[in-house]
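>>> Build me a structure from this.
(chains A and B)
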There are 2 protein chains.
Amino acid sequence: MKIFITGVDGYIGWPLFNYLQAHGYELSGIDNGARRIHVNEVGGMSVIPIDDMRQRFGDGRYRGDLLSYYLLLERLKDFKPDVIVHLGEQPSAPFSMMNDVYARETQVNNVIGTLNLLWAAKEACPEAHIITTATMGEYGTPGIPIPEGKFPEGSLWDTTLTHISGGSNGDLSGLQFPRSPGSFYHASKVHDSVNCELACRIWNMRITDVMQGVVYGTRTEIDVPSPTRFDIDECFGTVINRFCAQAVAGIPLTIYGLGRQTRGYLPLQDVMQSLRLLIENPADIGEYRVVNQLAETLKVIDIANGVQMAAKGHGFEVEVQHVDNPRIEKEDHAYEVACDTLGDLGYIATTSHDVEIYQILGELIMHRDRIESVRNVIAPKTQWEKS
Amino acid sequence: MKIFITGVDGYIGWPLFNYLQAHGYELSGIDNGARRIHVNEVGGMSVIPIDDMRQRFGDGRYRGDLLSYYLLLERLKDFKPDVIVHLGEQPSAPFSMMNDVYARETQVNNVIGTLNLLWAAKEACPEAHIITTATMGEYGTPGIPIPEGKFPEGSLWDTTLTHISGGSNGDLSGLQFPRSPGSFYHASKVHDSVNCELACRIWNMRITDVMQGVVYGTRTEIDVPSPTRFDIDECFGTVINRFCAQAVAGIPLTIYGLGRQTRGYLPLQDVMQSLRLLIENPADIGEYRVVNQLAETLKVIDIANGVQMAAKGHGFEVEVQHVDNPRIEKEDHAYEVACDTLGDLGYIATTSHDVEIYQILGELIMHRDRIESVRNVIAPKTQWEKS
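Sure, this is the predicted structure:
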């Protein structure tokens, strides 16, 4: 089976490339190198040293931008993939909120990149199964149970619009569940989802849109020829990875606000398992399938506690500090998420956040100097400003 | 009060500019001329002759593109508008479905143009009331009553997700009602709405997002120094205007499929009234207010019958022809729409589709030769292709 990965040079892309290759798939990919440039621009770096693209892929053949439509089209026509795993997106919320330039770059890269992918796949490989990795953040925190993308069968709405409906209930089944993104990055993923759902409905494309929890960790179950990147700056360092780096460098863990924000999390290792299950069990022709992909829901304070405990296991103490929340978000809220599809496909967690945090800390200790060298970009500076 | 109109050279923009000026507002605007270029590219033209931008505005001072962020920012800083009426969007669904180039142009122009407007307004005039004209097409045809943007107070959802929620009802009140756009154009307006809602929530901006029905007609209640454009091609000619032109030129009215597609409609004259009511009654600081703006809901076959009747009044016969529907859409469906806000603000219909169609026909008769000259671009060629 032939698999084309966009964003193949990224945090998930590079280990996925190796993981799928080790499992016998034929691989190709594309990456515009934006992640490396962006991390550099915000003053960060991968604190685990990584190879450059030429070292990883042997030559420059995977370099390319989804915004270059005809380049993308040629690549797809040449390779004729059965599956496209679409990871080529700017993934940072703070980056997208920093200024108009980065907001624009985020939405152009993500929305127009995905739009190009849809048109190019329609022309080059219309039956290919496209797996797009979106984010649980599309839903926001609605305070009610979150289904997988759409209202499930049997969902009734007491319309309250009695003056136009005569008081009858409305049948919500099959309509998209409300999205409420919290940044221009999250909004760009909602836009992608809307474009993807449309492409399935009008063109009979087959798309699995993965609402992914926050991914963390350094390893996968197979040996990768060289490590994947590990960012810890306020933009590209996700919370577990960032906390682990702070712990190792003796910096208090920075909890935004109350720290009761609850999100879904998933270790990198099980992202591999999950994406492979989705590759092996494609959406039907014309189906827009949304999968909520997370292993655990955790509060930020629970993560901080977990890092403190794991650090003790390694023999060092870690402080915790509550800082003003730079984001506009609820800090204490319900969070119930349906994630039935992966379970039905046979997903079984192979690890947990406790185990992974202990492992990450162990791996980061040898990179303490590199963490020290970028410590000034860990604390949040980008504000979601209320006027 | 100072009002800045984007898309000021357009079908609605030009009469709105004159209408608001006549009512004593101070006006400025911007337009990139894209509509003129696009209509030309698809082989159409305004069958009612129109002035060029320099004739309309005296010089080139309103020429400019929302994609030029710093130009836009300067214009807003100079003018300091109290209200921005945002009409500067590519408005054609078929145009956006024709090929990847036009799909991309539509989403870049609309999504990034609006994103730029949000950032520029935040910097230049954060308290300005932004009125964006979107489309009723954002909702699609869900088959259940359509509220104004969000689920109204008291909306309960029988979740059916008993395995995660314990069977409790979910409170949908205040969450966005599902959108289901039917083209990449309609999708771009959904994207705009998502970005606008976000800007209100995180930046305290004040936005009225107008879900507009299909606009038709040639006149407003005031004398405009020169007419507004009137397009009849398959892309930019909306159904009532297109039918009127076909009638005048002796071409059978082309009904797509069954013709029972129901949509909201609004005459140009009452768009002026409606937008003025919204200007005079702004959204609150931080409020994202959605207004469904339509005067009547009509089936396509009813419109065709109306045109036949009005033509008889002018002394000529009109044929009707059902053609294969080029779009993927439901052809027979329920359509109940709440449009309470405008009524509450005092909107009163000043005309109806019957009256306006009679008037349009009368005005088009003198332009029969011009209609004849573009008759080959009226019939639908752009297909929503199922693979």
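
>>> what are the ranges of the strands in the stretch 201-350 of chain A?
Under the criterion DSSP state E, counting those that start in this stretch, the stretch 201-350 of chain A contains strands at A:206-212, A:214-216, A:253-256, A:262-267, A:288-293, A:296-299, A:320-323.

>>> With mean neighbour count, distance to chain B and mean pLDDT as added columns, please give those strands in TSV.
Bear in mind the C-beta positions are built from the backbone N, C-alpha and C, glycine included. Listed next are the strands of the stretch 201-350 of chain A as TSV, based on neighbours: other C-beta atoms under 10 Å in any protein chain shown; distance: least, C-beta to the nearest C-beta, whole Å; pLDDT from 0 to 100:
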stretch	mean neighbour count	distance to chain B	mean pLDDT
strand A:206-212	26	10	98
strand A:214-216	22	19	97
strand A:253-256	22	15	93
strand A:262-267	23	12	95
strand A:288-293	23	11	98
strand A:296-299	18	11	94
strand A:320-323	15	19	93
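
>>> right, so of those strands, which gets closest to residue B:340?
Ranking the strands of the stretch 201-350 of chain A by their distance to residue B:340 (criterion: C-beta to C-beta) puts strand A:288-293 first, at 32.1 Å.

>>> Which strands or helices does the closest one pack on?
helix A:184-203, strand A:206-212, strand A:262-267, helix A:268-280, helix A:340-345 (3 or more C-beta pairs under 8 Å, 6 or more residues apart in numbering or on different chains; DSSP states H and E).

>>> Show me the shaky parts of the stretch 51-200 of chain A.
Scanning the stretch 51-200 of chain A for pLDDT under 70 picks out the ranges A:166-168.

>>> Now do the strands in it.
Per DSSP E, counting those that start in this stretch, the stretch 51-200 of chain A carries strands over the ranges A:83-86, A:129-135, A:156-158, A:170-171.

>>> so which of the ones you listed comes closest to chain B?
Minimum separation from chain B across the strands of the stretch 51-200 of chain A (C-beta to the nearest C-beta) falls at strand A:170-171, 3.3 Å.

>>> Which strands border that closest one, and is each parallel or antiparallel?
Within its sheet, strand A:170-171 is paired with strand A:156-158 (antiparallel), according to DSSP bridges.

>>> Switch the helices and strands packed on strand A:288-293 over to JSON lines; also include distance to residue A:148.
Listed next are those as JSON lines, based on distance: least, C-beta to C-beta, whole Å:
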{"stretch": "helix A:184-203", "distance to residue A:148": "12"}
{"stretch": "strand A:206-212", "distance to residue A:148": "8"}
{"stretch": "strand A:262-267", "distance to residue A:148": "12"}
{"stretch": "helix A:268-280", "distance to residue A:148": "13"}
{"stretch": "helix A:340-345", "distance to residue A:148": "6"}
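
>>> out of those, which comes closest to residue B:138?
helix A:184-203 (9.7 Å).

>>> follow-up on the earlier one: quick one, which of the strands of the stretch 201-350 of chain A is nearest to residue B:276?
Evaluated over the strands of the stretch 201-350 of chain A, closeness to residue B:276 peaks at strand A:288-293, with 40.5 Å, by C-beta to C-beta.

>>> Tabulate the CA atom coordinates of that closest one in PDB.
This file holds the C-alpha atoms of strand A:288-293, laid out as PDB (Å, rounded to 0.1, in the frame of the first residue of the first chain):
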ATOM      1  CA  TYR A 288     -16.500  12.100   5.900                       C
ATOM      2  CA  ARG A 289     -15.500  10.200   9.100                       C
ATOM      3  CA  VAL A 290     -14.500  12.100  12.200                       C
ATOM      4  CA  VAL A 291     -12.400  10.300  14.800                       C
ATOM      5  CA  ASN A 292     -11.700  11.700  18.200                       C
ATOM      6  CA  GLN A 293      -8.200  10.500  18.900                       C
END
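
>>> Mind listing the strands that strand pairs with, and their directions?
Strand A:288-293 is paired, per DSSP bridges, with strand A:206-212 (parallel).

>>> Give me the distance from the strand it pairs with to the chain's centre.
11 Å (C-alpha atoms, centre = their mean, to the nearest Å).

>>> Run the angle between it and helix A:184-203 for me.
160 degrees (axes from the mean of the first three to the mean of the last three C-alpha atoms, to 10 degrees).

>>> could you dump the strands of the stretch 51-200 of chain A to a markdown table with mean neighbour count?
Output for these, formatted as a markdown table (neighbours: other C-beta atoms under 10 Å in any protein chain shown):
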| stretch | mean neighbour count |
| --- | --- |
| strand A:83-86 | 26 |
| strand A:129-135 | 26 |
| strand A:156-158 | 19 |
| strand A:170-171 | 20 |
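
>>> possible to save the ones you listed as a markdown table with distance to residue A:43?
Converted to a markdown table, the strands of the stretch 51-200 of chain A look like this (distance: least, C-beta to C-beta, whole Å):
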| stretch | distance to residue A:43 |
| --- | --- |
| strand A:83-86 | 28 |
| strand A:129-135 | 24 |
| strand A:156-158 | 48 |
| strand A:170-171 | 51 |
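
>>> For residue A:145, which of those strands is the nearest?
Nearest of those (C-beta to C-beta): strand A:156-158, 14.6 Å.

>>> Show residues contacting that closest one.
With C-beta atoms under 8 Å, 6 or more residues apart in numbering or on different chains as the test, strand A:156-158 has contacts from A:169-172, B:144, B:151, B:154-158, B:172.

>>> Just tell me which of the strands of the stretch 201-350 of chain A ends up closest to residue A:223.
strand A:262-267 (16.8 Å).

>>> Remind me what the closest one packs against, helices and strands.
strand A:214-216, strand A:288-293, strand A:296-299, helix A:353-364.

>>> okay, whatever helix or strand comes next after the longest one in CSV with CA atoms only?
Pointing back at helix A:353-364 there. Counting by DSSP states H and E, the element after helix A:353-364 in chain order, helix or strand, is helix A:368-373. Extracted in CSV, the C-alpha atoms of helix A:368-373 (Å, rounded to 0.1, in the frame of the first residue of the first chain):
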residue,chain,number,x,y,z
ARG,A,368,20.0,20.0,29.9
ASP,A,369,22.4,22.4,28.4
ARG,A,370,20.3,22.8,25.2
ILE,A,371,17.2,23.4,27.3
GLU,A,372,19.1,26.0,29.3
SER,A,373,20.1,27.8,26.1
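
>>> Can you work out which other helices and strands pack against helix A:368-373?
Helix A:368-373 is packed against helix A:239-248, with contacts defined by 3+ C-beta pairs under 8 Å, 6+ apart.

>>> ok so, going back, residue B:196: which of the contacts of strand A:156-158 is nearest?
residue B:151 (17.8 Å).

>>> on that earlier part again, same list, the strands of the stretch 201-350 of chain A, but as a markdown table with distance to residue B:186 please.
Converted to a markdown table, the strands of the stretch 201-350 of chain A look like this (distance: least, C-beta to C-beta, whole Å):
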| stretch | distance to residue B:186 |
| --- | --- |
| strand A:206-212 | 18 |
| strand A:214-216 | 32 |
| strand A:253-256 | 36 |
| strand A:262-267 | 30 |
| strand A:288-293 | 16 |
| strand A:296-299 | 34 |
| strand A:320-323 | 42 |
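
>>> and of those strands, who's closest to residue A:15?
Between the strands of the stretch 201-350 of chain A, strand A:214-216 lies closest to residue A:15; by C-beta to C-beta that is 10.5 Å.

>>> Find out how far the closest one is from the centre of the chain, if you would.
7 Å.

>>> Could you list every helix and strand in contact with that strand?
Using 3+ C-beta pairs under 8 Å, 6+ apart, strand A:214-216 is in contact with helix A:239-248, strand A:262-267, helix A:268-280, helix A:353-364.

>>> outside of it, which residues touch it?
A:11-12, A:136, A:238-241, A:263-268, A:271, A:353, A:356, A:360.

>>> neighbouring strands for it, and are they parallel or not?
strand A:262-267 (parallel).

>>> I am finished for the moment; much appreciated.
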